[in-house]
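Student: Give the three-dimensional model of this entry:
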Amino acid sequence: MNTQTRIEGGAGTLTERLGENLRQAIAAGQFPPGTKLPSEAQLVETHGVSRTVVREAIAALRADKLVEARRGAGVFVLTTPVANDSLLSLHAVDPARVSSMIELLELRTAVEVEAAGLAALRRSPAQEEVIFECHHAVRACLDAGTSSSEADFALHIAIAEAANNSRFPEFLTMIGRNAIPRAALSSDESEADQAAYIKLLDKEHDRIVVAISNGDEDAAREAMRAHLRGSQARYRALLREQRKHV
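Tutor: Numbering: from 1, shown residues only. Predicted coordinates for the structure are as follows:
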């Protein structure tokens, strides 16, 4: 398969199409295990997409354990991971099962609150720029009324990477994109309710990003805690509503 083509129109977002393009190239052996993927700039030039699209596509590949980022070296293709019970358990989280998502959000809160605080202390200018770009990408999806799950996941990965402790992004990629809560938790939600949630989500993200940019460790932790606990509260409300109909 030739990956030296631009991403043209088709089904799915640019991020999804680029991600699938790279997945196929990896599966076909064009990028064998242990080899380095083309640089971000090369992928932008080759496929005619933005840096944000490239970063979100790479984040999706990392979530699927196909590649890993090595600080200062680039992104490398991984060998097929050896299955183990703990990894399978986390990957098997059912996003349609409310209690399962609450458990995962509690675990994320314990990890990502600290990651946000460390990002405020340790982020580099380049990492800060990536965080802002990812935040803008989420906002663009929300404004357009399209799915923001991939962009949202990329933002959380960018914050975890800015903590400059590789275990934080490893944890998030191990969980995968199912860790991002759905914007609409119930088909009964009105358009006004969904619009209010979208506005709240953007405000929560903005608080996190600004606190990290300001180097305010305490504010970054509190903003991330409020963001993830807010998601927990929404799922708990849905769980109570479901029990009423049992």
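Student: Any idea how far stretch 121-136 is from the middle of the chain?
Tutor: From the chain centre to the centre of stretch 121-136 is a distance of 14 Å (C-alpha atoms, centre = their mean, to the nearest Å).
Student: Any idea which helix or strand in the protein has the lowest mean pLDDT?
Tutor: helix 85-91 (a mean of 44; mean pLDDT, DSSP states H and E).
Student: which residues are contacting stretch 205-223?
Tutor: Applying C-beta atoms under 8 Å, 6 or more residues apart in numbering, the contact partners of stretch 205-223 are 113-114, 116-121, 123, 128, 131-132, 135, 138-139, 155, 159, 162, 204, 224, 226-227. Where C-beta positions appear, they are placed from N, C-alpha and C, glycine not excepted.
Student: repeat that with 6 Å
Tutor: For stretch 205-223, the surrounding residues in contact (C-beta atoms under 6 Å, 6 or more residues apart in numbering) are Val113, Ala116, Gly117, Ala119, Ala120, Leu121, Glu128, Ile131, His135, Met224.
Student: Could you identify the buried members of those?
Tutor: For these, burial is judged from neighbour counts taken by 16 or more other C-beta atoms under 10 Å, and it is met by Val113, Ala116, Gly117, Ala119, Ala120, Glu128, Ile131, His135, Met224.
Student: that older thread, as TSV, the contacts of stretch 205-223 with pLDDT and distance to Ala211 would be great.
Tutor: Formatted as TSV, the contacts of stretch 205-223 follow (pLDDT from 0 to 100; distance: C-beta to C-beta, whole Å):
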residue	pLDDT	distance to Ala211
Val113	97	12
Ala116	98	8
Gly117	98	9
Ala119	98	9
Ala120	98	6
Leu121	97	11
Glu128	96	12
Ile131	97	11
His135	96	12
Met224	97	9
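Student: which of those residues lies closest to Phe31?
Tutor: Comparing those against Phe31 with C-beta to C-beta places Ile131 closest, at 27.3 Å.
Student: which element is the closest one on?
Tutor: helix 125-144 (DSSP states H and E).
Student: Val49 too?
Tutor: Per DSSP H and E, there is no helix or strand for Val49.
Student: And Thr79, by the same measure?
Tutor: Short version, using DSSP H and E: Thr79 is in no helix or strand.
Student: tell me which of the buried ones among the contacts of stretch 205-223 is nearest to Leu43?
Tutor: Ile131 (19.8 Å).
Student: Identify the residue spatially nearest to the closest one, adjacent ones excluded.
Tutor: Of all residues beyond its chain neighbours, the one nearest Ile131 is Ala158 (4.8 Å), with distances taken as C-beta to C-beta, 6 or more residues apart in numbering.
Student: mind listing what Asp152 touches?
Tutor: Val138, Ile180.
Student: hang on, it is in a helix, isn't it?
Tutor: Yes - Asp152 sits within a helix when classified using DSSP: H, G, I helix; E, B strand; the rest coil.
Student: Please tell me how far it sits from Ala158.
Tutor: 11 Å (C-beta to C-beta, to the nearest Å).
Student: same check, this time on Glu16
Tutor: Taking C-beta to C-beta, one finds Glu16 at 19 Å from Ala158.
Student: If anything else comes up later, I'll come back, but that's it for now.
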